[in-house]
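Visitor: Sequence and predicted structure, then a few things I'm wondering about:
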Amino acid sequence: MSRPQSAGGLAPARETRKETIASRISGQLREAILRGALEPGQRINLDLIRGTFQVSLSPLREAMSRLVSDGLVQFEDQRGYRVTPVSASNLEEVTRLRMDLESLALRYSIEAGDIDWESDVVGALHRLNRIGRDAARPESVEAWEAAHAGFHLQLIRGCGMPLLLHFCTVLHNLNDRYRRIFLTSNPGDRSVRDEHQAIADAAVGRRADEACELLRRHIERTGANVRMKLAPVLAEAVAAHAG
């Protein structure tokens, strides 16, 4: 039997016992949106996705609902689903919220985190630094992105607040969508590795004010880099979808 046609660079993966069908679909669609395989504003063809994953409509709708709640997909009456468009105002809001909430979660983590949290932060940074990111090798980029998200999550995981962690994760994904789509081949001239190291050192050293300020600057610089270098692209995208 031939492999079903894929949607937006998606390929069905084997389901494990630990993940439901809806989780598998939403996870792969989320990754496709974050890396730009499903482009901002693109209509999502549910029939094509059903064929790709060979699933019924029920788990597919559940997966789409999760992506809507994460802000990555929009639903419009009579028109269906589409990938959430990009805009300068949305990037600004996401950046500011992420600065506030992620630094708050980091402060709580520094206050409450134990030695295991410290070890996890150091381990996540080491794992991230060991991965070489080469635009010519997509698998290396995906590995780096997973490790990068893992590092930022480990920084704040010690806060012990599930709702706060959820909000931070949603904002991180929204922020990463801009960075990954628009800065893949234009990462800027910052030493992100040094910034990560400084944040981790201050965090495990329990220097809360320093760590939170470094994290805020790190997030702010990323947002500013995207806005500065890609303002024409964002403006063009907004104008196209407004028409």
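Guide: Structure received. Just so we're clear, the structure is a prediction, and the values are computed from it rather than from any experiment.
Visitor: Now for the residue nearest in space to the middle of the chain: which residues touch it?
Guide: Note on the chain: the residue nearest the mean C-alpha position is residue 173, at 2.4 Å, using CA atoms, centre = their mean. Contact analysis of residue 173 by CB atoms under 8 Å, 6 or more residues apart in numbering lists 30, 34, 70, 72. For glycine as for every other residue, the C-beta is placed from the backbone atoms N, C-alpha and C.
Visitor: what pLDDT does it get?
Guide: Listed pLDDT for residue 173 reads 92.
Visitor: Quick check: which element contains it?
Guide: Using DSSP states H and E, residue 173 sits within helix 162-182.
Visitor: try residue 108
Guide: Using DSSP H and E, the element containing residue 108 is helix 88-112.
Visitor: what angle sits between that helix and helix 162-182?
Guide: 140 degrees (axes from the mean of the first three to the mean of the last three CA atoms, to 10 degrees).
Visitor: ok, and what's touching helix 88-112?
Guide: Helix 88-112 has contacts (CB under 8 Å, 6+ apart) with 117, 152, 155-161, 164-165, 167-168, 171-172, 174-175, 178, 203, 206, 208, 211-213, 215-216, 219-220, 222-223, 226-227, 231, 234-235, 238.
Visitor: Can you list the buried residues in that helix?
Guide: 88, 90-91, 94-95, 97-99, 101-110 (16 or more other CB atoms under 10 Å).
Visitor: Off-centre distance for it?
Guide: Distance, stretch centre to chain centre, for helix 88-112: 14 Å (CA atoms, centre = their mean, to the nearest Å).
Visitor: what helices or strands is the helix or strand hosting residue 227 leaning on?
Guide: Using DSSP H and E, the element containing residue 227 is helix 208-242. If you count contacts as 3 or more CB pairs under 8 Å, 6 or more residues apart in numbering; DSSP states H and E, helix 208-242 packs onto helix 88-112, helix 162-182, helix 192-204.
Visitor: try 10 Å this time
Guide: Helix 208-242 sits against helix 88-112, helix 138-157, helix 162-182, helix 192-204, with contacts defined as 3 or more CB pairs under 10 Å, 6 or more residues apart in numbering; DSSP states H and E.
Visitor: So which of these is nearest residue 131?
Guide: Of all the helices and strands packed on helix 208-242, it is helix 138-157 that lies closest to residue 131, at 4.8 Å by CB to CB.
Visitor: Would you map out the domains in the protein?
Guide: Domains of the chain are assigned by automatic domain parsing as 21-83, 88-242.
Visitor: got the buried residues for the helix or strand of the chain with the lowest mean pLDDT?
Guide: Least confident helix or strand of the chain, by mean pLDDT, DSSP states H and E, is helix 208-242 with a mean of 82. Using 16+ other CB under 10 Å as the test for burial, helix 208-242 gives 208, 211-212, 214-216, 218-219, 222-223, 225-227, 230, 234, 237-238.
Visitor: related to what we said a few turns ago, ok, of the contacts of residue 173, which one's closest to residue 130?
Guide: Nearest to residue 130, judged by CB to CB, of these is residue 34 at 22.1 Å.
Visitor: pretty sure the closest one contacts residue 141?
Guide: No. The pair residue 34 and residue 141 does not pass the contact test of CB atoms under 10 Å, sitting 11.4 Å apart.
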